[in-house]
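Peer 1: Have a look; sequence and predicted model below, questions after that.
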Amino acid sequence: MTSPGSSRPRSLDDTVTSLQGPGELVAAVPVLLGFHPERSLVLIAVHGPRLRSVGLTLRADLPPPGADPTAVSDVAAVAAGHLVEAAPPGPLGAAVVVVDPGGPARADVVDAVLAALAAAGVDAGTCVWAESTAAGARWGCFPPCGCAGTVPDPSSTPLAARAVAAGTVVRSSREELRRSVGPADVDRLRRRGLLLDREHDERARGRDRPACLRTLDSALVAAAGGRLQVDDELVLDMAVALQVPAVRDRA
């Protein structure tokens with residue numbers, strides 16, 4: 001089970017929602033988690049006046065179809081317990097999102113989650129299934145609601161705009177997020193450390209603001225086009241460029 005609370009910028013905590021329906025709720029999931037989940041159970045706590053503030057967001061692997069009902073109940077109970085423990089005083093609600101490309105057939109999971117939330121005194125206002133959190137994916141509400149539709153572009157919602165302003169990066173998958181925070185190559189770091197010690201001062205003496213800005217701009221253009229190659233030369237150039245206040249501001 002994962003929670004984004006430790007990695008998400010604090011300025012996104014307790015964000016007042018302005019989500020228009022279940023489709024935008026599904027589109028908000030990758031923003032709240034920091035990645036697009038697959039085959040997942042997601043619980044989103046809501047609290048505050050009129051239950052309009054987003055709190056803790058939890059993700060758990062979706063139990064496989066036909067899984068032991070006890071295992072499904074255990075996942076639901078643990079998730080509900082974390083939600084309640086992290087909640088501030090006052091009214092507490094939750095939204096339930098099941099991400100499963102196989103279809104809206106996981107009533108067993110939803111029933112177990114609703115039972116666990118009810119036992120913890122939490123009302124679930126929305127229960128929705130989606131085949132994915134990508135733009136255009138199908139979604140549908142679990143009974144008794146029969147709403148259905150397609151997921152809007154996750155990058156176009158008001159919450160996404162707030163996240164961008166807060167510096168949040170949304171990864172394409174949990175695996176990409178794992179790689180981004182994984183341990184760096186120790187040999188590469190050692191080699192670049194020696195290069196910095198040997199060449200940094202000389203490069204810094206010859207730097208000028210326009211050249212440093214060009215270094216930054218060319219790296220951003222390459223990154224946007226998927227062509228960025230982070231080699232030793234670029235690391236050295238960026239280490240020098242980012243010491244210039246104007247370059248840091250532009251970055």
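Peer 2: Received, thanks.

Peer 1: give the contact list for Glu85.
Peer 2: By CB atoms under 8 Å, 6 or more residues apart in numbering, no residues touch Glu85. Where C-beta positions appear, they are placed from N, C-alpha and C, glycine not excepted.

Peer 1: part of a helix, is it?
Peer 2: Yes: under DSSP: H, G, I helix; E, B strand; the rest coil, Glu85 sits within a helix.

Peer 1: That one and Leu92, how far apart?
Peer 2: Per CB to CB, to the nearest Å, Glu85 is found 11 Å from Leu92.

Peer 1: can you list the weak-confidence ranges in the protein?
Peer 2: 1-19, 167, 180-184, 206 (pLDDT under 70).

Peer 1: ranges for the helices of it?
Peer 2: Under the criterion DSSP state H, the chain carries helices at the ranges 21-33, 69-86, 107-119, 158-166, 174-180, 186-205, 209-224, 232-241, 245-250.

Peer 1: Which neighbouring elements make contact with the third one?
Peer 2: Pointing back at helix 107-119 there. strand 40-47, helix 69-86, strand 92-99, strand 123-130 (3 or more CB pairs under 8 Å, 6 or more residues apart in numbering; DSSP states H and E).

Peer 1: Could you save those as JSON lines and add columns showing distance to Asp217?
Peer 2: Listed next are the helices and strands packed on helix 107-119 as JSON lines, based on distance: least, CB to CB, whole Å:
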{"stretch": "strand 40-47", "distance to Asp217": "38"}
{"stretch": "helix 69-86", "distance to Asp217": "42"}
{"stretch": "strand 92-99", "distance to Asp217": "38"}
{"stretch": "strand 123-130", "distance to Asp217": "38"}
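
Peer 1: This completes my enquiry, with thanks.
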